[in-house]
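S.K.: Need coordinates for the following:
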Amino acid sequence: MRIVIDPDVGEPPYEQVRRQIASQAADGTLGPGARIPTVRALAHDLGLAVNTVAKAYRALEAEGVVETLGRRGTFVRTSVMTADVSRAAAAAADAYVSELRRLGLARTEGVRMVEDRWL
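M.R.: Have a look, this model is predicted:
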């Protein structure tokens with residue numbers, strides 16, 4: 001993984017970290033399941049504050065690019081969810097929930113139905 005922080009651009013350092021990791025995950029440079037450095041290690045390597053890198057990692061996790069597995073570390077998700085896919089999935093979930101409510105089904109029943117069909 002190669003991250004370069006350019007202090008001369010108008011983009012905040014955390015966003016540069018987030019963007020570069022997301023880009024490398026999307027183009028396959030960081031393959032599915034690839035372990036990325038710890039927050040502290042990357043902060044040290046880049047000369048950034050730990051909180052700056054932590055903010056980038058939190059954003060990447062919220063976007064579905066990486067997942068943190070406790071003490072095991074942070075890894076590129078096996079299926080990286082792009083922002084477009086995330087929006088489409090959220091819209092589909094909204095439509096599903098609306099339809100279940102219209103039909104009078106309980107949340108637990110809707111979740112069970114999805115889990116049964118996920119296989």
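S.K.: elements contacting the helix or strand hosting Val53?
M.R.: Assigned by DSSP states H and E, Val53 belongs to helix 50-62. If you count contacts as 3 or more C-beta pairs under 8 Å, 6 or more residues apart in numbering; DSSP states H and E, helix 50-62 packs onto helix 13-26, helix 39-46, strand 66-68. From N, CA and C alone the C-beta is placed, and that goes for glycine too.
S.K.: quick one: contacts of it?
M.R.: 13-15, 17-18, 21-22, 39-40, 42-43, 46, 66-68, 74 (C-beta atoms under 8 Å, 6 or more residues apart in numbering).
S.K.: Now do stretch 60-74, average pLDDT.
M.R.: Across stretch 60-74, pLDDT averages out at 91.
S.K.: what about that stretch, how long is it end to end?
M.R.: Separation of the first and last residues of stretch 60-74 by C-alpha to C-alpha, to the nearest Å is 10 Å.
S.K.: Only the buried residues of it, if you could.
M.R.: 60, 63-66, 74 (16 or more other C-beta atoms under 10 Å).
S.K.: which one among these gets closest to Ala89?
M.R.: Gly64 (9.4 Å; C-beta to C-beta).
S.K.: quick revisit: may I see the PyMOL selection of the buried members of the contacts of helix 50-62?
M.R.: Selection of buried members from the contacts of helix 50-62 for PyMOL, criterion 16+ other C-beta under 10 Å:
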select buried, resi 13+14+17+18+21+22+39+42+43+46+66+74
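S.K.: Quick check: the two most widely separated of the contacts of helix 50-62?
M.R.: Using C-beta to C-beta, the pair of the contacts of helix 50-62 lying farthest apart is Pro13 and Glu67, separated by 22.7 Å.
S.K.: quick revisit: would a markdown table of the helices and strands packed on helix 50-62 with distance to Leu103 be doable?
M.R.: Shown next, in a markdown table, are the helices and strands packed on helix 50-62 (distance: least, C-beta to C-beta, whole Å):
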| stretch | distance to Leu103 |
| --- | --- |
| helix 13-26 | 38 |
| helix 39-46 | 45 |
| strand 66-68 | 33 |
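S.K.: Mind checking these for the one nearest to Ala88?
M.R.: Of these, nearest to Ala88 by C-beta to C-beta is helix 13-26, at 16.3 Å.
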